[in-house]
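Enquirer: A predicted structure for the sequence below; I have some questions about it.
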Amino acid sequence: MSSTTGMSDIDTAKSTADDDDKVNWFAELRGLALMLLAVLAFHSFVAKPFYIPSTSMMPNLLVGDRLIVTKYPYGYSWASITFHLLPRGDWRIFGGTPEYGDVVIPVHPQRSEDYIKRVVALPGDRIAVQNGQIILNGKPVKQEVEPDMLLPYDINSPCDQVDFERVTAPDGTTKCKVPVLRETMPNGVSYLVIDAMPDQPLDNFDEILVPEDAVFVMGDNRDYSADSRASVARQGLGGAVPLANIGGRAEFITFSLDGTADWNPFSWFGAMRGDRAFTTLRPTITETPAEQD
């Protein structure tokens, strides 16, 4: 006489296996959302990568450079948040002030577009530009002619600006020879700039007083930089940049690509400009403030 005892052991095992094979999509999506939030939070409050798309910061930054930008040096504002998801405002938390020579990330006054420029005037400063030279609080900022600089010559650095010259380097490679000046700020920090085009419109800028909650910024390539000197209509920043519009400080180059890389990962290694990796972007102190007087 047989009896019915429900599912067999085989049926039970099969049912358990089927349950194990089912994907808990809610848990998976929740995990993905938490991961994305963690990345967004890190990029908004600690540091994020940044790509150089233009020549405005030559000779110190080249198209194809990838940087690390830290978010905490000047405090937090709407500009700190990745993708600028918060509405604009003049509020700041743990607010700090940049120093002369800092490379910062100002946001365009009308578009959610990050620029990268150098701080050349602080809150309360008077600044003008005469024949390409900064006049800060009535005194010319020191500029000295330096030996020409050799930069990479490649797709991302085509060497097509006025007074740039393609030359053969001692190692046999083609380089771009660039005329440079060393500019030294009142706090003693110095950096190289390019000002090769005479009498271009941005070489002269009438004196303004930088507001107490703003800084004046310029690109190191003074010939091709839409910065505080340029109007918004000319893609510039339209004057001094509110501190609330500064999204961080550039720290160092992580790696740099010459423009030959494509979607094939194996092409990335050949496109690397190896000598630019981990180059600091913090300006060098070459003089004490007393030596500037």
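Expert: Thanks, I have the structure now.
Enquirer: Give me the pLDDT for the residue nearest to the spatial centre of the chain.
Expert: In the chain, the residue lying closest to the centroid (C-alpha atoms, centre = their mean) is I116, at 4.6 Å. Per-residue pLDDT puts I116 at 98.
Enquirer: Quick check: T70 touching E251?
Expert: Yes: assessed by C-beta atoms under 8 Å, T70 is found in contact with E251 at 5.5 Å. For glycine as for every other residue, the C-beta is placed from the backbone atoms N, C-alpha and C.
Enquirer: overlap in contacts of the two?
Expert: Jointly contacting T70 and E251 under the rule C-beta atoms under 8 Å, 6 or more residues apart in numbering are A47.
Enquirer: list the contacts for R234?
Expert: R234 makes contact with A226 under the criterion C-beta under 8 Å, 6+ apart.
Enquirer: Distance of it relative to G259?
Expert: 27 Å (C-beta to C-beta, to the nearest Å).
Enquirer: ok, now K22?
Expert: Distance, K22 to G259, using C-beta to C-beta: 48 Å.
Enquirer: try I93
Expert: 39 Å.
Enquirer: just V162 next, same as before
Expert: 21 Å.
Enquirer: neighbour-wise, which of these two wins?
Expert: Each of V162 and G259 has its neighbours counted (other C-beta atoms under 10 Å); G259 has more, 14 against 11.
Enquirer: What score does the nearest residue to the more buried one once chain neighbours are set aside have for pLDDT?
Expert: Among residues not flanking G259 along the chain, I155 sits closest, at 3.0 Å (C-beta to C-beta, 6 or more residues apart in numbering). pLDDT, the model's per-residue confidence, is 96 for I155.
Enquirer: I figured I155 hits T260, correct?
Expert: Yes: the pair I155 and T260 qualifies as a contact (C-beta under 8 Å) at a distance of 6.1 Å.
Enquirer: Please go through the chain and pick out the longest helix.
Expert: As assigned by DSSP state H, the longest helix anywhere in the chain is helix 25-45.
Enquirer: Strands of the stretch 151-293 of the chain, start to end?
Expert: 165-168, 174-184, 189-193, 205-209, 214-218, 241-242, 246-256, 284-285 (DSSP state E, counting those that start in this stretch).
Enquirer: Can you say which of these is nearest to G64?
Expert: Minimum separation from G64 across the strands of the stretch 151-293 of the chain (C-beta to C-beta) falls at strand 246-256, 5.3 Å.
Enquirer: ok, and for the closest one, which residues are buried?
Expert: Neighbour-count burial for strand 246-256, counted by 16 or more other C-beta atoms under 10 Å, picks out 246-251, 253, 255-256.
Enquirer: quick one: low-confidence parts of the stretch 1-150 of the chain?
Expert: Per-residue confidence for the stretch 1-150 of the chain (pLDDT under 70) gives these ranges: 1-21.
Enquirer: Mind doing that once more with 80?
Expert: Within the stretch 1-150 of the chain, the segments meeting pLDDT under 80 span 1-23.
Enquirer: what do you get for the stretch 151-293 of the chain?
Expert: By pLDDT under 80, the weakly predicted segments of the stretch 151-293 of the chain are 287-293.
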